[in-house]
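*Asks:* Return atomic coordinates for the entry below.
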Amino acid sequence: MKEMTIYERKSSYSKHSVILSLFTILIVISSVATVSNLYILKNARAVGPTATTQCIAITSSGKSQLISASNNQTLSVRGTIDLTKSTITLDPFMVLPGSKYTIRPTNSSFTINLLDNKGKTLAHYPFDPKVYTNVSPSKDKMAILSEAVPYILCTKQIVISKGNRELASRNVDNYTPKVRIISPVGGETLTGNITIKWQASDADGGNLTYFVLYSTDAGRSWQTIASDIKDTQLTVNLAGLPGSNISLFRIIATDGVNTGISDSNSTFNVPSTSSIG
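*Replies:* Next comes the predicted model:
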């Protein structure tokens, strides 16, 4: 396992990695709060069943903190759009509680559509792709898809469209992944290179992707230290992270849409590098 201070998935467009990392931080930093009406999407249009419907996502009990089937869930939709070819490559999505929504444009040909199991539209969200500005004119015009929209529990398919043309879609499985941090357990004083380990499973048998976060204030705020991880462990150099005696790690596991969360059992101490040695 490669040692690292801050880890991000490599991309041919470095700006993409930076924005995705910042977006992940925005999503999870408010994951324990309730979505304020200030962030309700001004130009979103939701039709059909609402979050009060009896169409409930299947979750499992256990130590890991799973996303509940309730209101105020936010869907993080991520990917890369080739505007020249009108094609899109999707990254793993996440469903997180109580996160802020991104602002909707007044008019756009690009939309995120949530469909039920019969193909009926539950919600329709316009968005503007975030265009790369540092790409050579001789290359395809590229853009980022990085949106946070209200999630509807009956959703069985998420479709990204331009006009009346479907660019990409992703089906929603029935079960939420289960994840549990197994090391460090909490209560330790940690320095130098440490390996974070976790266990995870998915009853649907899907491939899971993980995000690793770090908190210095017992979980009130978080910073992303690793994204789009496929392994169930990560070695981190704590010298590159801020010190605190109430630190926590958080693991987010997604099957592409459904999302499970696990935090450290208790806080641990990471001495400030300025006080070591």
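*Asks:* Show me the residue at the heart of this protein, geometrically.
*Replies:* The centroid of the chain falls nearest to Met94 when counting by Cα atoms, centre = their mean (4.2 Å).
*Asks:* thought that one was touching Gly256?
*Replies:* No - look at Met94 against Gly256 with Cβ atoms under 8 Å: they stay out of range, at 9.2 Å. Placement of C-beta: from N, CA and C, glycine included.
*Asks:* picking up where we left off before, if the residue nearest to the centre of the chain is in a bridge, with which residues?
*Replies:* Judged by DSSP bridges, the bridge partners of Met94 are Ser76.
*Asks:* neighbours around Thr235, how many?
*Replies:* Neighbour count of Thr235, defined by other Cβ atoms under 10 Å: 15.
*Asks:* And Arg165, by the same measure?
*Replies:* Arg165, neighbours per other Cβ under 10 Å, totals 8.
*Asks:* For it, which non-adjacent residue is closest in space?
*Replies:* Nearest non-adjacent residue to Arg165, counting by Cβ to Cβ, 6 or more residues apart in numbering: Ser86, 7.2 Å away.
*Asks:* ok, so what distance separates the one you found from Tyr132?
*Replies:* 16 Å (Cβ to Cβ, to the nearest Å).
*Asks:* Just want to know which of those two has more residues nearby.
*Replies:* Tyr132 (19 against 11).
*Asks:* if I read this right, that one contacts Asp140, doesn't it?
*Replies:* No - taking contacts as Cβ under 8 Å, Tyr132 lies outside contact range of Asp140: 9.8 Å.
*Asks:* Which residue ranges of this structure form helices?
*Replies:* 14-29 (DSSP state H).
*Asks:* pull the helix or strand with minimum mean pLDDT from it.
*Replies:* strand 65-66 (a mean of 36; mean pLDDT, DSSP states H and E).
*Asks:* beta partners for the closest residue to Leu238 other than its chain neighbours?
*Replies:* Nearest in space to Leu238, with sequence neighbours left out and distances taken as Cβ to Cβ, 6+ apart, is Val270 at 5.4 Å. Counting by DSSP bridges, Val270 is bridged to Ser244.
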